[in-house]
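**Q** pasting the structure only:
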């Protein structure tokens, strides 16, 4: 192998190693706001799973699509589509066997890793199609949240047909990440 071929080979190998080292670090620099977050939503698997001290619904749920975001301006946005229980494929919760109660409103709850605080949104309508859109502007600043490492967002029952008005958030139906 000639010297120029060896030099070319070493140059290509060096570029390859640099690409492996630099690519994971990113070259675009840090985002304008490290509080930005975006995640898909996952339905509750049922079985009373606990996240942040809050139980999931006992019945499992399915979800066509869902997304949770914290924008650069501190807005909290959560959208779910086609969120249904697996018992009979509707938006009912079961507090006792054979006693379905339709969920009317949901709210989002934000948790941050290493912090045992939580912050709730206002209630939002939950349609019979299993759809909800929760949007709160300036959520982070309004709640006094300066840093939120490892955010987790739950969609929780806020009101069902037996409630005269929205209540303290209940069990969760969907969760970000995981």
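**A** On my side now, so go ahead. From a predicted model like this one, the values you see are computed outputs, not experimental measurements. Numbering: from 1, shown residues only.

**Q** hey, let's count contacts and neighbours off CA atoms from now on
**A** OK.

**Q** got the phi/psi numbers for residue 44?
**A** phi -60, psi 130 (degrees, to the nearest 10).

**Q** how close does it sit to residue 61?
**A** Distance of residue 44 to residue 61, given as Cα to Cα, to the nearest Å: 5 Å.

**Q** shared neighbours of the two, anything?
**A** Taking Cα atoms under 8 Å, 6 or more residues apart in numbering as the contact rule, residue 44 and residue 61 both touch 173, 174.

**Q** Can you tell me who residue 39 pairs with across the strands?
**A** Beta bridges link residue 39 to residue 68 when assigned by DSSP bridges.

**Q** how many neighbours does it have?
**A** 18 (other Cα atoms under 10 Å).

**Q** check contacts around it.
**A** Counting by Cα under 8 Å, 6+ apart, residue 39 has contacts 67, 68, 69, 176, 177.

**Q** Any idea how far the top strand by length along the chain is from the middle of the chain?
**A** Longest strand of the chain, by residue count under DSSP state E: strand 100-111. Strand 100-111 has its C-alpha centroid displaced from the chain centroid by 14 Å (Cα atoms, centre = their mean, to the nearest Å).

**Q** Buried residues in that strand, which are they?
**A** Across strand 100-111, burial judged by 16 or more other Cα atoms under 10 Å covers 101, 102, 103, 104, 105, 106, 107, 108, 109, 110, 111.

**Q** next one: stretch 74-90
**A** So for stretch 74-90, counting by 16+ other Cα under 10 Å, buried means 74-85, 90.

**Q** Now the terminal residues of it, how far apart.
**A** OK, stretch 74-90 end separation, Cα to Cα: 33 Å.

**Q** What of stretch 63-77?
**A** End-to-end span of stretch 63-77 (Cα to Cα): 17 Å.

**Q** ditto for stretch 124-138
**A** The first residue of stretch 124-138 is 17 Å away from its last residue (Cα to Cα).

**Q** Tabulate the buried residues of strand 100-111 in TSV, adding columns for distance to residue 119 and pLDDT.
**A** Putting those into TSV (distance: Cα to Cα, whole Å; pLDDT from 0 to 100) gives the following:
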residue	distance to residue 119	pLDDT
101	26	85
102	25	91
103	21	92
104	21	94
105	17	95
106	14	96
107	10	96
108	8	97
109	5	96
110	5	95
111	7	90
